[in-house]
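Participant: I would like the atomic coordinates for the input below:
(one chain, ligands or ions: 1)
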Amino acid sequence: MNNYSPIQFTSSFRNLLYLFSFVLFISCSGSNANTNNESTPLISDGDIEKLLSKNTCTACHKTEQKLIGPSFKDIAAKNYSTERIVELVYKPEPENWPDYSVPMMAMPHVPENELQDIAVWINSLN
Ligand code: HEC
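Facilitator: Okay, here's the model as predicted:
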């Protein structure tokens, strides 16, 4: 009786290789899931609602429908960078939205960290 025939050895070595690459694959996809990019909001729906109403954005904007201003989804469709959205709230450019008769007023009092969170959230709607 020989338990270590060359054929058996080769096939169990191959299984080990499969197992190894599988483990490698799992660990890679695991670390990807944890990295944050621009489209992953760091903030929960409840927190974003508080930020939007505290800063009075919700008086003129809704997520899905146009109100006095465009919906946040329509803004997301413009594919602005986070920095550009922050800039546009501090210094609106009404010419970007010719269909809206009332221009947005500049809102320099909104804290930048809150506006950053809002901007990242807007882009996550895309
Ligand atoms: C008084 C109403 C009003 C309020 C309050 C308001 N907006 Fe607006 N917003 C508008 C209108 C109208 C437009 C489209 C015309 C324009 O840009 O002037 C707009 C456009 C925007 C745009 C697109 C800018 C561009 O040039 O594409 C962003 C981003 C935005 N608003 C974010 C916000 C955020 C965030 C808040 C809260 C901090 C806010 N808005 C508060 C009325 C408002």
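
Participant: Now do the nearest residue in space to Asp74 that is not next to it in sequence against the ligand, distance only.
Facilitator: In this structure, Asp74 finds its nearest non-sequential neighbour in Lys66, 6.9 Å apart by CB to CB, 6 or more residues apart in numbering. Backbone N, C-alpha and C define where each C-beta goes, glycine included. Look at Lys66 and the ligand: by CB to the nearest ligand atom, to the nearest Å, they are 9 Å apart.

Participant: residues near Lys66, how many?
Facilitator: 15 (other CB atoms under 10 Å).

Participant: just checking, it touches Ile75?
Facilitator: No. The criterion here is CB atoms under 8 Å, and Lys66 misses it with Ile75 at 10.4 Å.

Participant: Can you pull out the low-pLDDT segments for the chain?
Facilitator: Counting by pLDDT under 70, the chain has low-confidence residues at 1-41.

Participant: mind listing the helices in it by residue range?
Facilitator: Counting by DSSP state H, the chain has helices at residues 6-34, 45-54, 72-76, 82-90, 112-124.

Participant: Get me the contact residues on the protein for the ligand.
Facilitator: Residues of the chain lying close to the ligand (CB under 6 Å from any ligand atom) are 55-57, 59-61, 68-70, 75, 78, 85, 88-89, 92-94, 96-97, 100, 102-104, 107, 110, 118.

Participant: do that again at 5 Å, thanks
Facilitator: Applying CB under 5 Å from any ligand atom, we find that the chain lies next to the ligand at 55-57, 59-60, 68-69, 75, 85, 88-89, 92-94, 96-97, 100, 102-104, 107, 110, 118.

Participant: Thank you kindly, that will do.
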